[in-house]
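Colleague: Okay, structure incoming, though there's no sequence with it:
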């Protein structure tokens, strides 16, 4: 049945859902959770960060967009390292059964390790190297190591899924190894690779909060942790919403790119 | 010595115990300029035989002699038209053909290679579709691209592996005529593998039946004495055609030891998204033979032995 209201469903229902959550939040803060600031208070306290998103009042007192920007820069660096390392590793795993047998168990063990566990190792690993910012390098190490696995595994699956026919075409044409790689294997694997890239980006963004919390770097995650320690709870929710929103936007962007490569 | 020769070729798959001997003691001689058709049942090892001829797989026993070389690897001098077209889906028609041209004729200038590519796209009447990708083409058009790609390498022998198997009858007839025309014009050596005796007799100079597998082998060569070019409309009433057709079919029927058929149908998958692309092994303590996930059962089949 089509009523005029149905046409606004896509707008109306999410608004209703949001309102319901806001109500729950409000009720919770006034009943069992005394420390939780209610929505109105949260908005009031968050105003300076939202309305002046680029302000810089101190190292850990900056506008929310400025914090987001700092976090995104760090994520971009770590993510780039993950892709640059992860894609070739995935190719090797997919191409060589020996390599796969040698490293697949290790990967399966390292894959579920939490970023919270990698960061201290990163700090130890790079502590003795002169001329680098150890916390930054350790954070990058953590982001790269945690977010690499979907790229590695999806690329490997993609390489294994290349139809034998395509490889036979390359053999009949006597394409060189390099040409087989660039003209046949990489294009055939691209859709899988981009699925991996999208999942990796999601994880890289998840890890940023943990990395910033532990290192105290300025950014959305660092800000969240600092405000918690300072017993200022209003901005925690602001940070959560920001992290969620940015993650959502990144995922949408990547899936647009991914879909472009699906059509080939 | 013949131009392309198989001597005592045997091939099987699998480990001892669960082994299938696909081909046994295949001898074949093909002269330059000849069109030979090999007719056999589905599943009798036709594609394996073709892969051996193309050098894509090495026979376990026996030798392949091609143009004086002993069992060479694959190369553009033996142009294989794949059963399922094998076009690269991310390249356009023109790019698919020019991938082959650029590889086989590196000595030509860029514009010469381009006009060479254009000539072969034109030969299969695909110039209007030259910038389309395979997904935008019909099955018949895809197969024509595949033929153009192979012909553009100017191979010494053209290997056609059931090239028209997946096409409807009308498209099939058109492409048969095109293959016949190109072959007569270019004096091409051709080996065609097919499951259709009529197609074999229409096109070839000689028809060789392949007995049903396992341990398939080639029967006696049956010469097709009909004059070229052949007209499919008058052929069906032609006495010689009927004779040859009878001979081929009789041999194939006689040569099958027991006829086995597997009837299978695909099952419609439940509309469920798998949550994880990585394959999960069955749980550690699962009973052997416990139910598989529904979405893994894609076909069911019944084997009937007559």
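Modeller: On my side now, so go ahead. Quick caveat: nothing in here was measured; it's all calculated off a predicted structure.
Colleague: So which residues on the stretch 51-200 of chain A come close to chain B?
Modeller: Applying Cβ under 8 Å from any Cβ of the partner chain, we find that the stretch 51-200 of chain A lies next to chain B at A:153-154, A:157, A:163, A:165-166, A:168-169, A:171-175, A:179, A:183-184, A:187-188, A:190, A:195. Any C-beta I mention is one placed from the backbone N, CA and C, and that applies to glycine too.
Colleague: try 6 Å
Modeller: The stretch 51-200 of chain A comes close to chain B at residues A:165, A:168, A:169, A:171, A:172, A:173, A:174, A:187, as judged by Cβ under 6 Å from any Cβ of the partner chain.
Colleague: Buried ones in the helix or strand the last one falls within, by neighbour count?
Modeller: For residue A:187, the host element (DSSP states H and E) is helix A:186-215. For helix A:186-215, burial by neighbour count (16 or more other Cβ atoms under 10 Å in any protein chain shown) applies to A:186-215.
Colleague: before we move on, back to that, drop anything exposed from the residues of the stretch 51-200 of chain A next to chain B.
Modeller: Neighbour counting over these (16+ other Cβ under 10 Å) leaves A:168, A:169, A:171, A:172, A:173, A:187 as the buried ones.
Colleague: At which residues are the helices of the stretch 101-250 of chain A located?
Modeller: With helices called from DSSP state H, counting those that start in this stretch, the stretch 101-250 of chain A shows them at A:115-126, A:134-160, A:164-172, A:177-179, A:186-215, A:220-229, A:234-262.
Colleague: which regions of chain B sit below the pLDDT cut-off?
Modeller: Applying pLDDT under 70 to chain B flags the ranges B:1, B:213, B:256-263, B:266-299, B:303-306.
Colleague: rerun that using 50 as the cut-off
Modeller: Within chain B, the stretches with pLDDT under 50 are B:290-292, B:294.
Colleague: and it, which of its residues are near chain A?
Modeller: Going by Cβ under 6 Å from any Cβ, the residues of chain B near chain A are B:56, B:74, B:75, B:76, B:80, B:82, B:86, B:89, B:90, B:100, B:103.
Colleague: Just the ones of these in helices?
Modeller: Secondary structure assignment by DSSP state H places B:100, B:103 of those in helices.
Colleague: Give me the subset of the residues of chain B next to chain A lying in strands.
Modeller: residue B:80 (DSSP state E).
Colleague: Just send the residues of chain B next to chain A back as CSV, with distance to residue A:250 and neighbour count too.
Modeller: Below are those laid out as CSV (distance: Cβ to Cβ, whole Å; neighbours: other Cβ atoms under 10 Å in any protein chain shown):
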residue, distance to residue A:250, neighbour count
B:56, 44, 19
B:74, 45, 19
B:75, 47, 19
B:76, 46, 19
B:80, 45, 29
B:82, 41, 23
B:86, 37, 21
B:89, 28, 14
B:90, 26, 20
B:100, 41, 23
B:103, 40, 18
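Colleague: what about the strands in the stretch 151-300 of chain B?
Modeller: B:157-161, B:189-194, B:206-210, B:222-223, B:260-266, B:299-305 (DSSP state E, counting those that start in this stretch).
Colleague: And the ones you listed: which comes nearest residue A:76?
Modeller: For those, proximity to residue A:76 was assessed by Cβ to Cβ; strand B:260-266 is nearest, at 45.3 Å.
Colleague: on that earlier part again, quick one: the buried ones among the residues of the stretch 51-200 of chain A next to chain B as JSON lines, columns for pLDDT too.
Modeller: Output for these, formatted as JSON lines (pLDDT from 0 to 100):
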{"residue": "A:168", "pLDDT": "90"}
{"residue": "A:169", "pLDDT": "90"}
{"residue": "A:171", "pLDDT": "90"}
{"residue": "A:172", "pLDDT": "89"}
{"residue": "A:173", "pLDDT": "89"}
{"residue": "A:187", "pLDDT": "90"}
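Colleague: how about those, which pair is most distant?
Modeller: A:172 and A:187 (17.6 Å).
Colleague: Who are the packing partners of the longest helix seen in chain A?
Modeller: Counting by DSSP H, the longest helix found in chain A is helix A:64-95. Helices and strands touching helix A:64-95, by 3 or more Cβ pairs under 6 Å, 6 or more residues apart in numbering or on different chains; DSSP states H and E, are helix A:134-160, helix A:186-215, helix A:220-229.
Colleague: Buried residues, that helix. List them.
Modeller: Neighbour counts over helix A:64-95 (16+ other Cβ under 10 Å) mark A:64-68, A:70-72, A:74-75, A:77-79, A:81-83, A:86-87, A:89-95 as buried.
Colleague: How confident was the prediction at the residue nearest to residue A:36 when sequence neighbours are not counted?
Modeller: In space, and not counting its chain neighbours, residue A:36 is closest to residue A:29: 4.2 Å by Cβ to Cβ, 6 or more residues apart in numbering or on different chains. With respect to pLDDT, residue A:29 has a value of 83.
Colleague: who touches the strand or helix carrying residue A:29?
Modeller: Per DSSP H and E: residue A:29 is located in helix A:9-30. Helix A:9-30 is touched from outside by A:36, A:38, A:39, with contacts defined as Cβ atoms under 6 Å, 6 or more residues apart in numbering or on different chains.
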